[in-house]
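Undergrad: Model the structure of this input:
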Amino acid sequence: MATRAEWADRVERWERSGLSAEKFARREGYKPKQLYWWRWKLRADRPSHPSPSSLTEAPRFLPVHVVTDASAVAPEPIEIALPNGRVVRVWPGFDPATLERVLALAAEETPC
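TA: Predicted coordinates:
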């Protein structure tokens, strides 16, 4: 019988594979229902607000280009990619308090 850690690895490999549960399970020799159930179970047991130390991916820094005459450039939004896959776009002139509330909501694992 597979352990919780083994199922966590299987679910992670399935999600990275891009295959349907049916194809992946058939290839690996177990039932698609098992994948769906373990994905649900593993997500349900996760803390709702992961601590910074529990994040598996290190933060990435992006290149910055400094423009001396900002008025000559059309304003572009800043994109903030969250660990759960959601992306928040912030246009110039945003309200910092509102952004803080939006980021807190977007970081949650529950559907928007």
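Undergrad: Nearest residue to the middle of the chain?
TA: Asn84 (1.9 Å; CA atoms, centre = their mean).
Undergrad: Would you confirm that it contacts Arg46?
TA: No. Here Asn84 does not reach Arg46: they are 10.5 Å apart, not a contact under CB atoms under 8 Å. In this view, the C-beta of every residue, glycine as well, is placed from N, C-alpha and C.
Undergrad: overlap in contacts of the two?
TA: Glu109 (CB atoms under 8 Å, 6 or more residues apart in numbering).
Undergrad: show me the contacts for the residue nearest to the centre of the chain.
TA: Contacts of Asn84 by CB under 8 Å, 6+ apart are Ala106, Ala107, Glu108, Glu109.
Undergrad: Please indicate which of these has the highest neighbour count?
TA: Ala107 (16 neighbours; other CB atoms under 10 Å).
Undergrad: That one and Asn84, how far apart?
TA: 7 Å (CB to CB, to the nearest Å).
Undergrad: domains of the protein?
TA: 4-44, 52-107 (automatic domain parsing).
Undergrad: Can you convert these into a markdown table and add a column each for mean pLDDT?
TA: Converted to a markdown table, these look like this (pLDDT from 0 to 100):
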| stretch | mean pLDDT |
| --- | --- |
| domain 4-44 | 91 |
| domain 52-107 | 79 |
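Undergrad: So which of the ones you listed is the most surrounded?
TA: domain 4-44 (a mean of 14; mean count of other CB atoms under 10 Å).
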